[in-house]
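Novice: Provided below for reference: sequence and predicted model.
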Amino acid sequence: MFMNNKENVLLIVLVCFVATIGGFLFGFDSGVINGTVDGLQTAFSSSSAGTGFNVSSMLIGCAIGAFTAGKLADQFGRRLILIVAAILFIVSAWGSGVADTSFEFVIYRILGGLAVGAASVMTPAYISEIAPARYRGTLSTLQQVAIIFGLFSAFVSNYFLANSAGGSTALFWLDLETWRWMFWVELVPASLFFIALFFIPESPRYLIMAGKTEVAMIVLTRLYGADSTQSKHDEIVASLAVDKHKPKLSDLIDKSKNKLRPIVWIGIGLATFQQLVGINVVFYYGAVLWQAAGFTESDALLINIISGVVSILAVFVTMYFIDKVGRKPFLLIGSIGMTVTLAAMVYAFLNAETGVLGNLELGEQGIVALVAANAYVFFFNLSWGPVMWVMLGEMFPNQIRGSGLAVAGFAQWIANFLITWSFPIMLTGVGLAGAYGFYAICALISVVFVFMFLHETKGKELEDMQG
């Protein structure tokens with residue numbers, strides 16, 4: 001219906017690309033911690049629980065950032081919140097590297113978490129509100145491409161820094177520990193994100209909701225062309241006409257039943273299951289996981305890079321097919337695939353022998369574990385990785401999109417925090433097999449959730465979404 005002009009299409013792609021730098025930083029900030037765990041333990045003399053909190057502390061900020069970003073974005077605009085997030089990314093990257101105490105480190109990581117949380121909900125929301133329906137799935141999937149590329153970049157950066165210095169705890173440039181430089185690498189993309197945000201427009205849907213009609217019309221003309229400006233404006237206005245008050249958190253409650261709207265519960269379920277399958281244990285603790293399974297630090301960091309490549313390939317498959325196949329089929333395929341591959345990892349860990357130092361010696365099971373782990377990463381990034389963010393960005397009606405994303409994002413990051421914080425404890429308590437057995441059960445339950453509760457959103461205009 002909209003956008004026959006190739007110049008408009010190119011502009012929208014460029015605008016979405018800038019927005020997804022936030023996703024890149026989301027991924028980099030999440031992945032960089034992977035190679036710094038040994039350095040943090042040495043620098044701060046932390047226990048397993050303390051290390052778990054140092055790693056997962058960012059996620060407290062993520063939950064707060066995700067919860068507040070939607071509400072603040074409804075008041076001040078999507079772009080302004082992304083600019084604030086960029087500033088927080090810069091502060092956190094610098095501070096995490098200069099921290100001398102565990103407390104100081106946690107404060108800077110929480111600030112980074114605020115940025116990650118805000119970017120995690122605002123980037124897909126912004127892209128969904130910019131992109132037309134027939135391109136929305138593909139363009140929204142750019143968020144996950146950026147997240148995975150950010151993770152991959154962090155893994156590569158960590159690997160080369162550690163190899164160059166002789167380990168994450170070794171002294172490197174300026175006689176400072178290598179793990180500090182791992183954090184400082186993020187300053188480059190964070191600064192680029194901050195500058196680039198000043199060159200993209202505000203979401204036209206926000207501008208119309210805020211009563212800034214003239215500015216909205218200018219943005220709509222730039223994005224969709226003069227011929228489609230008025231019709232798109234009228235469509236957005238009509239979707240807001242039923243309830244003209246400014247968006248607020250209480251809109252999530254169905255007044256007739258005095259309960260949360262069903263669409264909100266579905267959003268919470270989507271966000272929570274994405275974490276309960278345990279994917280961020282691989283992203284945050286990949287080096288620890290493979291060292292616990294008997295690999296050296298260097299080999300473990302190299303395995304992370306392989307997982308990153310697999311992730312990127314999977315997301316590109318989804319990016320190509322999502323607007324053809326739809327969202328729900330990808331989620332079903334992913335849930336089934338993760339259940340099988342996680343079960344295979346459990347089998348490998350159960351049949352491994354315990355070495356003299358207490359580490360697992362996988363032996364013949366090493367190939368099974370590596371193949372299953374990378375197949376698991378592939379299935380996740382084919383499905384729940386990108387598709388959850390696509391659906392959260394588009395499934396809520398205009399009036400409650402900011403608030404709906406806030407609640408779902410909050411649930412996602414709380415689940416992320418619990419899974420990440422508990423892994424070192426589970427590792428020493430029930431071992432790798434027990435931990436991954438729990439994630440396999442959650443993956444199996446997610447199959448039922450997708451089949452019974454999710455509705456397809458492919459090809460629908462945001463103005464047609466019902467809550």
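Specialist: Yep, that arrived.
Novice: Please enumerate the strands of the chain.
Specialist: Taking DSSP state E to define them, one finds strands in the chain at 253-254, 259-260, 353-354, 360-361.
Novice: Name every strand pairing with the first one and say which way it goes.
Specialist: Pointing back at strand 253-254 there. Partners of strand 253-254 in the sheet, by DSSP bridges, are strand 259-260 (antiparallel).
Novice: What lies in contact with the strand it pairs with?
Specialist: Strand 259-260 is contacted by residues Leu252, Ile253, Asp254 when judged by CB atoms under 8 Å, 6 or more residues apart in numbering. (Each C-beta comes from the backbone N, C-alpha and C, glycine too.)
Novice: Mind listing the residues bridging to the second one?
Specialist: Beta bridges link Ile253 to Leu260 when assigned by DSSP bridges.
Novice: mind checking how far it is from Ile263?
Specialist: Relative to Ile263, Ile253 is positioned 12 Å away (CB to CB, to the nearest Å).
Novice: Neighbour count: the two, which is higher?
Specialist: Neighbours were counted for Ile253 and for Ile263 using other CB atoms under 10 Å; Ile263 has more, 20 against 14.
Novice: Looks like Ile147 contacts Phe24 (just checking).
Specialist: Yes. Ile147 lies in contact with Phe24 (CB atoms under 8 Å); the separation is 7.2 Å.
Novice: out of these two, which sits in the busier spot?
Specialist: Per other CB under 10 Å, whichever of Ile147 and Phe24 has more neighbours is Ile147, with 30 against 27.
Novice: Excluding chain neighbours, what is closest to the more buried one?
Specialist: Gly27 (3.9 Å; CB to CB, 6 or more residues apart in numbering).
Novice: cool, and Val15?
Specialist: Nearest in space to Val15, with sequence neighbours left out and distances taken as CB to CB, 6+ apart, is Ile200 at 4.8 Å.
Novice: got a pLDDT number for that neighbour?
Specialist: pLDDT, the model's per-residue confidence, is 93 for Ile200.
Novice: same question, Tyr376
Specialist: Tyr376 carries a pLDDT value of 93.
Novice: Next up, the contacts around it.
Specialist: Tyr376 is in contact with Val282, Gly337, Met338, Thr341, Leu342, Met345, counting by CB under 8 Å, 6+ apart.
Novice: what's the answer for Ala314, then?
Specialist: Ala314 makes contacts with Val377, Phe378, Phe379, Phe380, Asn381, Leu382, Gly385, as judged by CB under 8 Å, 6+ apart.
Novice: Next, count neighbours for Leu350.
Specialist: When neighbours are defined as other CB under 10 Å, Leu350 has 14 of them.
Novice: Kindly report the same for Lys458.
Specialist: Neighbour count for Lys458, taken as other CB under 10 Å: 18.
Novice: Relative to the whole chain's centre, how far out is stretch 149-165?
Specialist: On the basis of CA atoms, centre = their mean, to the nearest Å, stretch 149-165 sits 19 Å off its chain's mean C-alpha point.
Novice: With stretch 408-428 instead?
Specialist: Remark: stretch 408-428 is offset 14 Å from the chain centroid, using CA atoms, centre = their mean.
Novice: Check what contacts that stretch and list those residues.
Specialist: Stretch 408-428 is contacted by residues 48-49, 51-53, 55-56, 59-60, 62-63, 65-67, 69-70, 113, 117, 120-121, 264, 267-268, 270-272, 274-276, 278, 280-281, 284-285, 288, 292, 392, 434-435, 438 when judged by CB under 8 Å, 6+ apart.
Novice: Go through stretch 176-184 and flag the buried ones.
Specialist: For stretch 176-184, a neighbour-count test (16 or more other CB atoms under 10 Å) marks Glu177, Thr178, Trp179, Arg180, Trp181, Met182, Phe183, Trp184 as buried.
Novice: actually stretch 154-170, sorry about that
Specialist: Buried residues in stretch 154-170, counting neighbours by 16+ other CB under 10 Å, are found at Ala154, Phe155, Val156, Ser157, Asn158, Tyr159, Leu161, Ala162, Ala165, Gly167, Ser168, Thr169.
Novice: next one: stretch 100-120
Specialist: Across stretch 100-120, burial judged by 16+ other CB under 10 Å covers 102, 105-120.
Novice: Distance check, the residue nearest to Pro201 when sequence neighbours are not counted against Val315.
Specialist: In this structure, Pro201 finds its nearest non-sequential neighbour in Val219, 4.5 Å apart by CB to CB, 6+ apart. Distance of Val219 to Val315, computed by CB to CB: 29 Å.
Novice: For the two, indicate the residue with more neighbours.
Specialist: A side-by-side neighbour count of Val219 and Val315, using other CB under 10 Å, places Val315 first with 25 against 21.
Novice: quick one: contacts for the more buried one?
Specialist: Thr141, Gln144, Val145, Ile148, Asn381, Leu382, Gly385, Pro386.
Novice: Tell me which of these fall in helices.
Specialist: Thr141, Gln144, Val145, Ile148, Asn381, Leu382, Gly385, Pro386 (DSSP state H).
Novice: Run a quick neighbour tally on the last one.
Specialist: Translated: Pro386. The burial count for Pro386: 31, using other CB under 10 Å.
Novice: Ile322 is in contact with that one, correct?
Specialist: Yes. Shown here, Pro386 and Ile322 form a contact pair, counting by CB under 8 Å, at 7.5 Å.
Novice: what touches both of these two?
Specialist: Thr141.
Novice: quick one on the thing from earlier: which two from the contacts of Tyr376 end up farthest apart in space?
Specialist: Across those, the longest distance by CB to CB is 14.7 Å; it joins Val282 and Gly337.
Novice: ok, those two, which is more surrounded?
Specialist: Neighbour totals were compared for Val282 and Gly337, and Val282 leads with 22 against 18 (other CB under 10 Å).
Novice: List only buried entries from the contacts of stretch 408-428.
Specialist: Neighbour counting with 16+ other CB under 10 Å marks 51-53, 55-56, 59-60, 62-63, 65-67, 69-70, 113, 117, 120-121, 264, 267-268, 270-272, 274-276, 278, 280-281, 284-285, 288, 292, 392, 435, 438 as buried within the contacts of stretch 408-428.
Novice: if you look at those, which of them are in helices?
Specialist: Among the buried ones among the contacts of stretch 408-428, the ones falling in helices (DSSP H) are 51-53, 55-56, 59-60, 62-63, 65-67, 69-70, 113, 117, 120-121, 264, 267-268, 270-272, 274-276, 280-281, 284-285, 288, 292, 392, 435, 438.
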